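[1] Need coordinates for the below:
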Amino acid sequence: MSLTMTEIQPAHKTRARALSLALVAASRTAPLLDIPTELGLEILELALTHTPFTILFAVSKSFSALISTILYRHIVLDSLQTLSLFSRTAKSKSPEFLDAHIKTLTVEIEPWRFNAAARIELERVVAACTGLRALAVSRPGVLCHSLSYPTLPRALPSEVTIQSFDASAAPSASSHAAHLSASITHLRISEPGDTWHSPLSILAFFGSTPHLTHLALARRMDANIDNDQVFANELRYLLANRRNLKMIVVRVFPAHWPQYCDDSYPGAAGTVSAESSSIWAALATVAEFDKRLILVSAGFKNRGVDSVVYEESVVPRVGRRRGFSDFWEQSRRDWEARTDIES
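    This is a model prediction of the structure:
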């Protein structure tokens, strides 16, 4: 018996339909749903680098929900335009959606770019993201109690990263972030500021912070000697009186940073390193008696394997939640490696 063309279907066409994501999802449980959630999200994140998200949105409602989780959980605002666009998006979403989806928010816009309208817009955006776990900003002012909308609900992230701490030395009712006091567990000041703020004055900006477990501060080497002494003494006080603290990281920067790194500034003689500074020596003594204190050399030129250098954006541009958490883990590993070499 002869075979007709209708009885012979090209194998590749049948296989293509059998492997269609839409057909798989419709005919049986999607394989992606049978694997661990984080692994599934990693796979979809990789898919998004090669496939427009609008196509993946069209696969199924389940896929649409997963894609939304990926697109919205880590938001980076790096210009006034992206702030305006995201503000418009936030207004179009329900409070429940924003609370469930947006987990980290990074604001990389330089403070001097903000006018009054943009500042208010940013206040409303931060306030709308009530489910935030991690927030990174360039200056602490955006965290203050809202002057424009005093009754506006505020996001309560557990991890806060600030590029540099430049704020009023005497917190008032309108210039503090005490509403974050009960929520913060991780506080990181990435760079030295233009004005001096002691560790205790920085913490006072946030209130009592009873649940704080991780603290990161920054200090320039060869700065004011009296302030160095206050800095070291207040760290001793924190270590002695805050038993909940699991880690204090101090990043020591070059004296002329950010204009110059280590021995590159005019008139420098010899090799300059954070380890040769008086603040490092003072803090190293404290670290010998309390292993919770970790020192990091930051902002220096890389001289080889023994040099600890952080080249990451000080206000992390994160694609995943671990963009925040890696800082603490990496700081501990580098400090342990350094102390092993010295011993």
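
[2] care to break the protein down by domain?
    Split into domains by automatic domain parsing, the chain comes to 31-72, 156-342.

[3] average pLDDT across the helix or strand hosting residue 70?
    Assessed by DSSP states H and E, residue 70 sits inside helix 61-73. For helix 61-73, mean pLDDT is 74.

[4] just checking, what packs against that helix?
    When contacts are defined as 3 or more CB pairs under 8 Å, 6 or more residues apart in numbering; DSSP states H and E, helix 61-73 sits against helix 21-27, helix 37-48, helix 53-57, helix 95-101. Bear in mind the C-beta positions are built from the backbone N, C-alpha and C, glycine included.

[5] List the buried residues of it.
    63, 66, 67, 68, 69, 70, 71, 72, 73 (16 or more other CB atoms under 10 Å).

[6] between those, which is nearest residue 98?
    Nearest to residue 98 among the buried residues of helix 61-73: residue 72, at 8.0 Å, using CB to CB.

[7] thinking that closest one is in contact with residue 101, fair?
    Yes - between residue 72 and residue 101 there is a contact under CB atoms under 8 Å: 3.9 Å.

[8] on that earlier part again, lowest average pLDDT across the domains of the chain?
    It's domain 31-72: among the domains of the chain, that one has the lowest mean pLDDT, namely a mean of 69.

[9] how about the helices in this structure?
    Secondary structure of the chain (DSSP state H): helices located at 11-18, 21-27, 37-48, 53-57, 61-73, 80-92, 95-101, 116-128, 199-205, 225-241, 278-289, 322-342.

[10] Deepest in the core, which of those is it.
    Compared across the helices of the chain, helix 199-205 shows the largest average neighbour count, a mean of 19 (mean count of other CB atoms under 10 Å).

[11] Check which helices and strands it sits against.
    If you count contacts as 3+ CB pairs under 8 Å, 6+ apart, helix 199-205 packs onto strand 214-220, helix 225-241.

[12] Turn these into a markdown table, including distance to residue 114.
    Below are the helices and strands packed on helix 199-205 laid out as a markdown table (distance: least, CB to CB, whole Å):
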| stretch | distance to residue 114 |
| --- | --- |
| strand 214-220 | 23 |
| helix 225-241 | 29 |
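
[13] closest one to residue 90 among those?
    So among these, strand 214-220 is nearest, using CB to CB, at 28.9 Å.

[14] Not counting its own residues, what contacts that closest one?
    The contact list for strand 214-220, computed with CB atoms under 8 Å, 6 or more residues apart in numbering, reads 164, 185-192, 199, 202-203, 228, 231, 238, 245-255, 257, 279, 298, 327-328, 331.

[15] do that again at 6 Å, thanks
    With contacts defined as CB atoms under 6 Å, 6 or more residues apart in numbering, strand 214-220 is touched by 186-189, 191-192, 199, 247-253, 255, 279, 328.

[16] need the contact list for residue 178.
    Contacts of residue 178 (CB under 6 Å, 6+ apart): residue 207.

[17] Tell me the spacing between it and residue 123.
    Going from residue 178 to residue 123 by CB to CB, to the nearest Å gives 16 Å.

[18] Equivalent analysis for residue 290, please.
    Counting by CB to CB, the gap from residue 290 to residue 123 is 39 Å.

[19] How about residue 96?
    Look at residue 96 and residue 123: by CB to CB, they are 21 Å apart.

[20] Over to residue 327?
    Using CB to CB, residue 327 is found at 26 Å from residue 123.
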